[in-house]
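Q: structure for the following, please:
(one chain, ligands or ions: 1)
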Amino acid sequence: MSENGYTLNPLTTTIEPGEPTDFHFTVSGPDGRPVTDYQVQHEKKLHFIVVSRDLGSFQHLHPEMAPDGVWSVKLTLPEAGAYRAFADVAPTGGASLTLGADLSAAGDYDPKPLPEASRTATVDGYTVTLDGELALGQASRLTLKVAKDGRPVTDLQPYLGAYGHLVALRAEDLAYLHVHPDGEPGDGRTTAGPEIVFYAEVPSTGDYRLFLDFQHEGKVRTADFTLNAGERPATPRTAAPSGHHHH
Ligand SMILES: [Cu+2]
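A: Purely as a prediction, here's the structure:
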């Protein structure tokens, strides 16, 4: 919830399921006051991720900040139940942080089991396949390959400064993983698909949910996966990345 003295503070307490709600929050700093100065990361000062506790629902939103540091976003929680919101920020002069807060939508809650482990996701006629392993104790290389109607997509569009954004969450407690893209549009070596490469480090074995945002033909879509992280293999399949950039 809090990191380095920074806290995510929801100001909206009641959310009706299925109703678009004007959701407000602040990020308070070590002095207890709302932070108003942020560094831009991936073209935005704040990335707001909202997932349902059962990890069936995922949203990646970009709230607007008022001069007093109050953020606003139109938020719809699709069904009654428990949700977790994450704010990815880098206050000016500080490190980048992921802050979390619990949200809920009132009503009867019908939690669903975690979707079965799968390396293929389909969304709107696109098929995304995932190659690579999440292994404890090493940077795991994950390759996501995008196809449409059976053909590789080679004209992905930059979205927030990358060809894809991957969010990984641990199923057990919704711990948020830091995932780094390998390369970026315009660096002279990163192609616009069909493959998008990431490096992820998992803090424990167990099940993870992965959500890939990618843009093609003017629309952002999300492909989701369930992946089990195992012990470190005896012979690592992939070495730790060298010389890749943090963004
Ligand atoms: Cu974002």
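
Q: quick one: Lys112 from Asp124, how far?
A: 22 Å (CB to CB, to the nearest Å). Bear in mind the C-beta positions are built from the backbone N, C-alpha and C, glycine included.

Q: for the spatially most central residue of the chain, phi and psi?
A: Closest to where the C-alpha atoms of the chain average out (CA atoms, centre = their mean) is Val167, at 2.8 Å. Per-residue torsions, Val167: phi -110, psi 130 (degrees, to the nearest 10).

Q: so what's it up against?
A: If a contact means CB atoms under 8 Å, 6 or more residues apart in numbering, then Val167 has 49, 58, 60, 176-177, 179, 210-211, 213 as its contacts.

Q: among those, which one has the most neighbours?
A: Leu210 (23 neighbours; other CB atoms under 10 Å).

Q: which helices and strands sit right next to the helix or strand harbouring that residue?
A: Per DSSP states H and E, Leu210 falls inside strand 206-216. Secondary-structure packing of strand 206-216 (3 or more CB pairs under 8 Å, 6 or more residues apart in numbering; DSSP states H and E): strand 58-61, strand 126-131, strand 140-148, strand 165-170, strand 219-229.

Q: hmm, Gly164 is touching Lys145, no?
A: No - with contact defined as CB atoms under 8 Å, Gly164 does not count as touching Lys145 (10.8 Å).

Q: now do the shared contacts for these two.
A: Ile196.

Q: straight-line length of stretch 66-80, end to end?
A: By CA to CA, to the nearest Å, the extent of stretch 66-80 from end to end equals 29 Å.
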